[in-house]
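>>> fold the following, please.
(2 chains)
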Amino acid sequence: MTHTAHFKVWRGDAEGGGLADYDIEVNEGEVVLDIIHRLQATQAPDLAVRWNCKAGKCGSCSAEINGRPRLLCMTRMSVFDPAETVTVTPMRAFPVMRDLVTDVSFNYTKAREVPAFVPPPELEPGEYRMMQEDVGRSQEFRKCIECFLCQDTCHVVRDHEENKPAFAGPRFLMRVAELDMHPLDAAAESGLDRKRTAQEEHGLGYCNITKCCTEVCPENIKITDNALIPLKERAADRKYDPLVWLGNKIRRRGE
Amino acid sequence: MSTGTDPTTATDDPGEAPGGARRGVYAPSRAAISAAHLRTDRWWLAPAATAAGLLAFIVYSTWRALANADYYAAPYVSPFYSPCLAENCEPMKGGPNWALFGDWWGLSPAVIILIFPLGFRLTCYYYRKAYYRGFWASPPACAVAEPHRRYTGETRFPLVLQNIHRYFFYAAVPVAVILTYDTVLGFRDEHYEWGHMGLGTLVMLVNIVLIWAYTISCHSCRHIIGGRLKHFSKHPVRYRLWGWVGRLNERHMLLAWASLVSVAVADLYVYLLATGVFDDPKLF
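The predicted structure is shown next:
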């Protein structure tokens, strides 16, 4: 089953650009990235697109298809009506480099701002032992392929460039949650309060839990329900709940 | 209620930041696309339906809460008026009317108690998403540009107060206990004889099950039950409870709507009985 589809692909760079029209062959079983590659092979050899695995695991081919942040390699052509125009643009939250390629260095800056796992001082490497129920929560977050679609769709930075310095974005708040839930992370013992810094240094309060990060996640991680809201509750323990504060003073809790 | 964003005025260009710079998806470094979004699906349907549903409930519940009439039809009491804590409450035999507020309270007694479920739902993580999207377009839908010049989210007063959700959860539990008591009282007939059941009892039963399911599925409850722990392996009972609450929590949105509808239906049922529109059909 082959048909000709109408594509609009954003072409340009930081100086400017626009949507270019293409009519292109589509075969059964293909994904949008296949069509982009066919465009490169037949009509637009200089079309820039970032891609690697074509299996939804490397997180490279993030873009926006008909206005929705998606992976090019995981969006099947069969979801579109053959008569429908398919519009492909680069992610609109990040600076564009060329065509479908954006500069995602904002995310690497934010990644560096999250303090790494703090090894427990009493254990040597190789001596770490953890129960499955203690690591189950964090394992969901480890599925993240760092495609940055959640960062792209989050209106806190997508619609407000000025919030970028203050807000880590869902992917890296999820990283803070992952480390705070890690059974062997010794951050607290070393004087680092991840719950407090989530609010004070990584901008957790900017999140208004409208769940777009969860909606676009290609790994189906429940970012909002399982990472951001639990982190908000943990921050509330520290900053807004006098009862928990009193309880922590009287005896050690939350172990 | 302010939602941490400054609305644009009619003369403002939503793509322009204070100082005249292009902002958001129109920022000079981003791909030059003139449309605020390129979505082709009916993205506006969900926020519009949410806003319409919430608005309908607000109008109905405001009318009923301020009416101060037709909220008791033996043996049923409207959930909007339970517990009834003022002297001016209708007498309910064995019912939840305790005149803690005495006779100086002249307003509808529903106002006293509704502040707790209202606060619980207003600060609820699901309803926050619903009204931020539906009423304040912050954002209206995913990847659809919002029409606000500035955004500070829940970092400042008043929205920083959303963090007290857990206290409203604590308050919602005793209210649910009292509504459970009301449901038990529904197993009487209109002469207060026990061992009877009418269609109203069934309505109250469904309502209280949904109220409990919504209350227990709350994200704050999930955190208090076990989410705040670092080592589940040291707390097997709390870990199991956390798992159960987590399964309910996945349906929090569904339960939020179902319980909102059921509480309105339970109130409407009592209103129809109290105004004599029909008699409660007896099951036994």
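>>> so which residues of the stretch 1-150 of chain A form strands?
Using DSSP state E, counting those that start in this stretch, the strands found in the stretch 1-150 of chain A span residues A:2-13, A:16-27, A:62-65, A:68-71, A:85-89, A:96-98, A:101-102.
>>> give me the residues contacting the last one.
This points to strand A:101-102. Applying Cβ atoms under 8 Å, 6 or more residues apart in numbering or on different chains, the contact partners of strand A:101-102 are A:48-50, A:90-91, A:94-96, B:31. Where C-beta positions appear, they are placed from N, C-alpha and C, glycine not excepted.
>>> these two touch, right, residue B:264 and residue B:57?
Yes. Between residue B:264 and residue B:57 there is a contact under Cβ atoms under 8 Å: 6.2 Å.
>>> walk me through the domains of chain A.
For chain A, automatic domain parsing gives the domain ranges A:2-102, A:105-250.
>>> send the alpha carbons of stretch A:172-179 over as PDB?
Extracted C-alpha coordinates of stretch A:172-179, given in PDB (Å, rounded to 0.1, in the frame of the first residue of the first chain):
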ATOM      1  CA  PHE A 172      15.800  17.100  35.900                       C
ATOM      2  CA  LEU A 173      13.200  17.500  38.700                       C
ATOM      3  CA  MET A 174      12.500  13.800  38.100                       C
ATOM      4  CA  ARG A 175      16.300  13.200  38.500                       C
ATOM      5  CA  VAL A 176      16.200  15.000  41.800                       C
ATOM      6  CA  ALA A 177      13.200  12.800  42.800                       C
ATOM      7  CA  GLU A 178      15.000   9.700  41.700                       C
ATOM      8  CA  LEU A 179      18.000  10.500  43.900                       C
END
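>>> in it, what counts as buried?
Across stretch A:172-179, burial judged by 16 or more other Cβ atoms under 10 Å in any protein chain shown covers A:172-179.
>>> let me know the average pLDDT across that stretch.
The average pLDDT for stretch A:172-179 rounds to 98.
>>> of the strands of the stretch 1-150 of chain A, flag the one that's most buried.
Comparing the strands of the stretch 1-150 of chain A by mean neighbour count (mean count of other Cβ atoms under 10 Å in any protein chain shown), strand A:62-65 ranks first with a mean of 26.
>>> what lines up beside it in the sheet?
strand A:68-71 (antiparallel), strand A:85-89 (antiparallel) (DSSP bridges).
>>> name the residues that touch it?
A:32, A:49, A:69-72, A:75, A:86-92, A:100, A:147-149, A:152, B:38, B:143.
>>> quick one, helices of the stretch 101-250 of chain B?
Ranges of helices within the stretch 101-250 of chain B are B:110-122, B:125-134, B:165-185, B:199-216, B:219-222, B:236-249, based on DSSP state H, counting those that start in this stretch.
>>> is chain A within reach of the first one?
No. Using Cβ under 8 Å from any Cβ of the partner chain, helix B:110-122 never reaches chain A; the gap is at least 13.8 Å.
>>> could you give the angle of that helix to helix B:125-134?
Put simply, helix B:110-122 runs at 80 degrees to helix B:125-134, going by axes from the mean of the first three to the mean of the last three Cα atoms, to 10 degrees.
>>> now stretch B:35-42 - C-alpha only, PDB.
Output of stretch B:35-42 as PDB, limited to C-alpha atoms (Å, rounded to 0.1, in the frame of the first residue of the first chain):
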ATOM      1  CA  ALA B  35       1.600  30.300  14.400                       C
ATOM      2  CA  ALA B  36       1.300  30.000  18.200                       C
ATOM      3  CA  HIS B  37       0.800  26.300  17.700                       C
ATOM      4  CA  LEU B  38       0.500  23.900  14.800                       C
ATOM      5  CA  ARG B  39      -1.800  21.400  16.400                       C
ATOM      6  CA  THR B  40      -4.500  20.000  14.100                       C
ATOM      7  CA  ASP B  41      -6.500  18.000  16.600                       C
ATOM      8  CA  ARG B  42      -9.300  19.300  18.700                       C
END
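>>> which elements pack onto the helix or strand of chain A with the lowest mean pLDDT?
Here the helix or strand of chain A ranked lowest by mean pLDDT, DSSP states H and E is helix A:242-250, holding a mean of 77. Contacts defined by 3 or more Cβ pairs under 8 Å, 6 or more residues apart in numbering or on different chains; DSSP states H and E place helix A:242-250 against helix A:229-239.
>>> let's go with 10 Å and repeat that
Packed against helix A:242-250, as judged by 3 or more Cβ pairs under 10 Å, 6 or more residues apart in numbering or on different chains; DSSP states H and E, are the following elements: helix A:229-239, helix B:165-185.
>>> and it with helix B:165-185, angle?
With the same axes, to 10 degrees as the basis, helix A:242-250 and helix B:165-185 are set at 110 degrees to each other.
>>> neighbours of residue 230, just the number please.
Let's take chain A. Neighbour count of residue A:230, defined by other Cβ atoms under 10 Å in any protein chain shown: 20.
>>> um, chain B though
Residue B:230 has 16 nearby residues by other Cβ under 10 Å.
>>> that one contacts residue A:186, correct?
No. Contact criterion Cβ atoms under 10 Å: residue B:230 and residue A:186 do not qualify, at 11.1 Å.
>>> what's near enough to touch the residue nearest to residue A:10 when sequence neighbours are not counted?
Of all residues not flanking residue A:10 in the chain, residue A:89 sits nearest, at 4.2 Å (Cβ to Cβ, 6 or more residues apart in numbering or on different chains). Residue A:89 makes contact with A:8-11, A:17, A:19, A:63-67, A:96, A:99-100, A:102, B:31, B:33, B:35, B:38, according to Cβ atoms under 10 Å, 6 or more residues apart in numbering or on different chains.
>>> recalculate using a threshold of 8 Å.
By Cβ under 8 Å, 6+ apart, the contact set of residue A:89 is A:9-10, A:19, A:63-64, A:67, A:100, B:31, B:33, B:38.
>>> looking at those residues, which is nearest residue A:249?
Nearest to residue A:249, judged by Cβ to Cβ, of the contacts of residue A:89 is residue A:64 at 49.4 Å.
>>> need the pLDDT of that closest one.
At residue A:64, the model reports a pLDDT of 98.
>>> for it, list each beta-bridge partner.
So, taking DSSP bridges as the rule, residue A:64 has residue A:69, residue A:89 as bridge partners.
>>> how near is it to residue A:204?
According to Cβ to Cβ, to the nearest Å, residue A:64 stands 26 Å off from residue A:204.
>>> what of residue B:41?
Counting by Cβ to Cβ, the gap from residue B:41 to residue A:204 is 30 Å.
>>> when those two are compared, which one has more neighbours?
For residue B:41 versus residue A:204, neighbours defined as other Cβ under 10 Å are more numerous around residue A:204 (24 against 10).
>>> all set now, cheers.
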